[in-house]
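Chemist: give me the fold of what follows.
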Amino acid sequence: MTQGAVRQNSVDRRLITIGEITGVHGVKGYLKVRSFADSLDLFSPGIRLFLGSSENLDTEVNRGDWYNIVRATPHKKGVIALFEGVTREIAEGLVGRNIAVDRDDLPELEPDTYYWEDLVGLKVTDIHSGYLGVIGYILPTGSNDVFVVQGSGKEILVPALEWVILNVDIEKGEMTIDLPEGLKD
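Modeler: Numbers count the residues shown, from 1 in each chain. Just a heads-up that it's a prediction; the model follows:
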């Protein structure tokens, strides 16, 4: 149903956040990365990624630069990555930055699969209760993602399951669901 490769909001954004730098590893400039992507393919050698602060990913100005991946390996719940031209000193200054990829460089998705980036902000309507609010963020739970719908002063947790999510219309910014009884209140 979803492809966990995103965090922020806006369908029109050129850059898609795929992870964040959480620390430095070793003395050669390797970075510890928490990946938001389901696949580590976006961290393959030669891939060009933007390392910037979260508030600048919309505009790609001032605080961020493009880097090519030299090497990346899975490590615990993330990735250890070496970027071209990054020394230990440079790496220390990159901790806390988000990692983004140009939307055009993302792989094509299978039908009825979406990047989180495209789902956050959608208006959610239940076929029984009507309008519930908008998707504020998405929680990965292991078995299935959970959409956190914010509206009317409360949050509603909506499991990302095919029988719950009836329709997603990215162009209109809408999602139609059939929320199970126990989750409505």
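
Chemist: now do the strands in this protein.
Modeler: In the chain, the strands defined using DSSP state E lie at 2-3, 15-25, 30-35, 48-52, 64-75, 78-83, 98-102, 114-115, 123-126, 130-140, 145-151, 154-159, 165-169, 174-177.

Chemist: could you list the domains of this protein?
Modeler: Using automatic domain parsing, the domain ranges for the chain come out as 2-105, 121-183.

Chemist: what about Gln166, distance to Asp118?
Modeler: Wrong residue type there; residue 166 is Leu, not Gln. Per CB to CB, to the nearest Å, Leu166 is found 17 Å from Asp118. For the C-beta atoms, the positions are set from N, CA and C on the backbone; glycine is no exception.

Chemist: the two - which one has more neighbours?
Modeler: Shown here are Leu166 and Asp118; by other CB atoms under 10 Å, Asp118 has more neighbours (22 against 13).

Chemist: can you tell me which helix in this structure is longest?
Modeler: Taking DSSP state H as the criterion, the chain has its longest helix at helix 88-94.

Chemist: mind exporting the C-alpha coordinates of that one to CSV?
Modeler: What follows is helix 88-94, C-alpha atoms only, in CSV (Å, rounded to 0.1, in the frame of the first residue of the first chain):
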residue,chain,number,x,y,z
ARG,A,88,35.5,12.8,9.2
GLU,A,89,35.4,16.6,9.8
ILE,A,90,32.8,17.2,7.1
ALA,A,91,30.8,14.2,8.3
GLU,A,92,30.5,15.7,11.8
GLY,A,93,28.9,18.8,10.3
LEU,A,94,26.4,16.7,8.5
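
Chemist: buried sites along it?
Modeler: Within helix 88-94, the residues scored as buried using 16 or more other CB atoms under 10 Å are 91, 94.

Chemist: change the start of the numbering to 724 and stick with it
Modeler: Renumbered: residue one is now 724, and that last one reads helix 811-817.

Chemist: who does that helix touch, helix- and strand-wise?
Modeler: Using 3 or more CB pairs under 8 Å, 6 or more residues apart in numbering; DSSP states H and E, the elements in contact with helix 811-817 are strand 738-748, strand 753-758.

Chemist: so can I have a markdown table of the ones you listed showing distance to Tyr837, mean neighbour count and mean pLDDT?
Modeler: Below are these laid out as a markdown table (distance: least, CB to CB, whole Å; neighbours: other CB atoms under 10 Å; pLDDT from 0 to 100):
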| stretch | distance to Tyr837 | mean neighbour count | mean pLDDT |
| --- | --- | --- | --- |
| strand 738-748 | 12 | 21 | 91 |
| strand 753-758 | 18 | 22 | 94 |
